[in-house]
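A.B. asks: Need the 3D shape of this:
(2 chains)
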Amino acid sequence: MKLPSLLRRTPFRLTLLFLALFAAAASAILAYVYFASAAEARVNAEREVGGEMQVLQGIYDARGIDALNKALIDRSLTQSAFLYLMLDKDGATITGSLNQSPIESMEEDREWITFPFTETDADGRVHRPQVRAVQVRLSGGEMLLVGRSMGDTEAYLARLTQALWGAMGIVLLLGLAGGALVSRNLERSMGRLNKVVTAVQEGDLKARAPVRNSGDELDELGAGLNTMLDRLEASMASIRHAGDAIAHDLRSPLTRMRAKLEVSLIDAEAGKIDGVDALQLALDEADNLLKTFNTVLAIARLQAAAGRTPDPQLFDAADLAADMAELYEPASEDKGLEFSAEIERGLMIEANRPFLAQALANVIDNAIKYTPVGGAVMLRARRRSSGEIEFSITDTGPGVPEADRERVIQRFVRLDNSRTEPGSGLGLSLVGAVLEAHGGRVQLDEGPGEYGGFGPGLRVALVLPPADAA
Amino acid sequence: MRILVVEDDAEAATAMVRGLTEAGHEPTHAVDGAFGLLEAQKGGYDVYVVDRMMPRLDGIGMVETLRKDGDQTPVLFLSALGEVDDRVAGLRAGADDYLVKPYAFSELIARVEALSRRRETGSVATMLKVGDLEMNLIARTVHRGGKEIDLQPREFQLLEFLMRHAGQSVTRTMLLEKVWEYHFDPQTNVIDVHISRLRAKIDKGFDHAMLQTVRGAGYRLEA
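C.D. replies: The predicted model follows:
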């Protein structure tokens, strides 16, 4: 992997950012430790130096300059912790463990100073620790200086600094390596997703991201992408299907209309019918075509809704069933069919009322159309034990053979024995589409069996989820 | 009747103007909602026929403006959109009726005439009277020539609607929409069967048939 491309990767950039933050934090800690330690070392040194100075002043005050001098010599030989220097009032050295005088002014009394000191330890290594010292003018005019090295602190801080730099180096190394690794892994995962996106851009709706079920964000993103693509593919397919279906659905009625118009033109020319009749026929055919067109559009719209009810309303299915029974009973009885309705009360549903009414109308109309005179049609609305709301229309017509039941819900399927009746063959397709859009289903079963020499009849059930479950 | 036709489709407008003129009305055409609004504000119209989708000011905007200005002239909305929510949006904007394109011309005329009549009989009447047919809206009774006619509740509603629009053609779709309050295609002519039952009750035994079938349109109750 080339460095410039690596530098452009988000995870690697994040790594660099964190490393920089870490370095800044380490520097801050170092500075803090340094200043805190230095301050403490100075305070410690001053305390000890102060104590020693007190002792020495005591000796001087009690026993004079010679006793002090002797004490200083003794101490210089036995104690290495303190540095001493005593000058006479002219600034000449009387005694001391310092070769060079750090005293700058003979005027200052109780003046604290810091100066570097060179010493060689037992292993021959040279140290240059800082010394903290105080100069005090004695009552005889001599100047006494006592100092103490802060060298231990200096060495400690130096080691600490070194350790921190080392740690920083390791962190930097590991961080960069980790960053590159994470970046590469992420890039690989993102690459898989990107490949899917590119494929889709190029028109391949079948491309899917691999999902490892690891539950991480990228996996979730991949799964989400897949779900989105599934939806998209389904709705694209349904649009394509609707387009194909509309084209197909309209070709047959258009062909029929054209044929009829041609026949009526011939008839009109031959004087069999007059022009007005021909136009009336043409108008009727155009109306039928529009009706078919509207039905096809409604089916397409319902299918595109993909299980979501368009413009739902909350209402009692019992009222709808009662209205439909009231509307269709006279037509049924006029045809010589016995019509009955059994409606339970209180069947709340959330549905598109006009569409559901249309679905019921189509089924009832079919029942009336296909049941021979002397038969019976029954409308029932009830709550199933499962809680679902069921409308059922049972007739005593010829029924639909079991093998054909799935098929009749498809578009334009008309069974052979129904060809003599008018109709587009879209009635049950619309019913299917309406129920599907409501999260319900259509069930076709055998009717009551032989009845008045006909049968076995057909029972069409429209099953809907109840309102509270919807 | 003076009718303002607001329609941007020139061909549809020409056909509509011609048809309305032939039906004995005085139509005026405006090419979009903005012109329609200007024309409407001149006043003197009995019904506005407004297309829903137009450039500049659309039908909804135009009707909303008119209603805000206090113009209560009945409005018939025309639209290529037949969805339920479109119908609701149209009626909410202040339209009185809604017709989906394409429509039969007889349907348009029937609805326009029904709208103008609605304004005239907007008052709260307790009795309706057409010829020798009388309807008491309080007692829910119907008499013809002094003889009481027993009607089912729905037959009563059906007759009430026909009486309120006596002398006018009403279509089957209008009856399903206004009497049963459903918007769907009943496939077979279920309405015809209801009408023939009603006809048997109000016309049987009388020498003059009041409930007439209008070819290619629907029905008409004549005195």
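
A.B. asks: Can you give me every residue that contacts the nearest residue to B:I138 once chain neighbours are set aside?
C.D. replies: Nearest-residue entry for B:I138: B:T126, 5.2 Å, with adjacent residues in sequence omitted and distances by CB to CB, 6 or more residues apart in numbering or on different chains. (Each C-beta comes from the backbone N, C-alpha and C, glycine too.) Contacts for B:T126 (CB atoms under 8 Å, 6 or more residues apart in numbering or on different chains) come out as B:136-138.

A.B. asks: A:T15 too?
C.D. replies: A:175-176, A:178-180, A:182-183.

A.B. asks: can you rerun that using 10 Å?
C.D. replies: Counting by CB atoms under 10 Å, 6 or more residues apart in numbering or on different chains, A:T15 makes contact with A:9, A:175-183.

A.B. asks: tell me which of these is nearest to A:S385?
C.D. replies: A:V182 (57.3 Å; CB to CB).

A.B. asks: The closest one in helix, strand or coil?
C.D. replies: Three-state call for A:V182 (DSSP: H, G, I helix; E, B strand; the rest coil): helix.

A.B. asks: Same check on the one 3 residues further on?
C.D. replies: Classification of A:N185 using three-state DSSP returns helix.

A.B. asks: Number of residues surrounding it?
C.D. replies: 12 (other CB atoms under 10 Å in any protein chain shown).

A.B. asks: okay but A:A81 is in contact with A:V131, surely?
C.D. replies: No: the criterion here is CB atoms under 10 Å, and A:A81 misses it with A:V131 at 11.2 Å.

A.B. asks: hang on, the earlier thing: closest one to chain A out of the contacts of B:T126, please.
C.D. replies: B:L137 (21.2 Å; CB to the nearest CB).

A.B. asks: Buried residues in the lowest-mean-pLDDT helix or strand in chain B, which are they?
C.D. replies: Sorting the helices and strands of chain B by mean pLDDT, DSSP states H and E puts helix B:84-93 at the bottom, at a mean of 75. Within helix B:84-93, the residues scored as buried using 16 or more other CB atoms under 10 Å in any protein chain shown are B:86-87, B:89-90, B:93.

A.B. asks: where are the low-confidence patches of chain B?
C.D. replies: For chain B, the stretches flagged by pLDDT under 70 are B:81-85, B:117-124.

A.B. asks: pretty sure A:A133 is in a strand, no?
C.D. replies: Yes: counting by three-state DSSP, A:A133 falls inside a strand.

A.B. asks: Please name the residues that touch it.
C.D. replies: The neighbours of A:A133, taking CB under 10 Å, 6+ apart as the test, are A:45-46, A:49, A:53, A:82-85, A:98, A:102-103, A:111-115, A:117, A:145-149.

A.B. asks: In PyMOL, select just the buried ones from those residues.
C.D. replies: To isolate the buried ones among those in PyMOL, judged by 16+ other CB under 10 Å, type:
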select buried, chain A and resi 45+46+49+53+82+83+84+85+98+102+103+115+117+145+146+147+148+149
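
A.B. asks: from the contacts of A:A133, which are also near chain B?
C.D. replies: Among the contacts of A:A133, no residue sits close to chain B (CB under 10 Å from any CB of the partner chain).

A.B. asks: Run a quick neighbour tally on B:E64.
C.D. replies: B:E64, neighbours per other CB under 10 Å, totals 16.

A.B. asks: do B:G36 as well
C.D. replies: B:G36: 30 neighbours (other CB under 10 Å).

A.B. asks: surely it meets B:M54?
C.D. replies: Yes: using CB under 10 Å, B:G36 is in contact with B:M54, at 8.0 Å.

A.B. asks: List the residues that are in contact with both of these two.
C.D. replies: In contact with both B:G36 and B:M54: B:6-8, B:30, B:62, using CB under 10 Å, 6+ apart.

A.B. asks: May I see the contacts of B:T126 organised as JSON lines, with neighbour count, secondary structure and distance to B:K42 added?
C.D. replies: Formatted as JSON lines, the contacts of B:T126 follow (neighbours: other CB atoms under 10 Å in any protein chain shown; DSSP: H, G, I helix; E, B strand; the rest coil; distance: CB to CB, whole Å):
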{"residue": "B:N136", "neighbour count": "12", "secondary structure": "strand", "distance to B:K42": "42"}
{"residue": "B:L137", "neighbour count": "14", "secondary structure": "coil", "distance to B:K42": "37"}
{"residue": "B:I138", "neighbour count": "7", "secondary structure": "coil", "distance to B:K42": "41"}
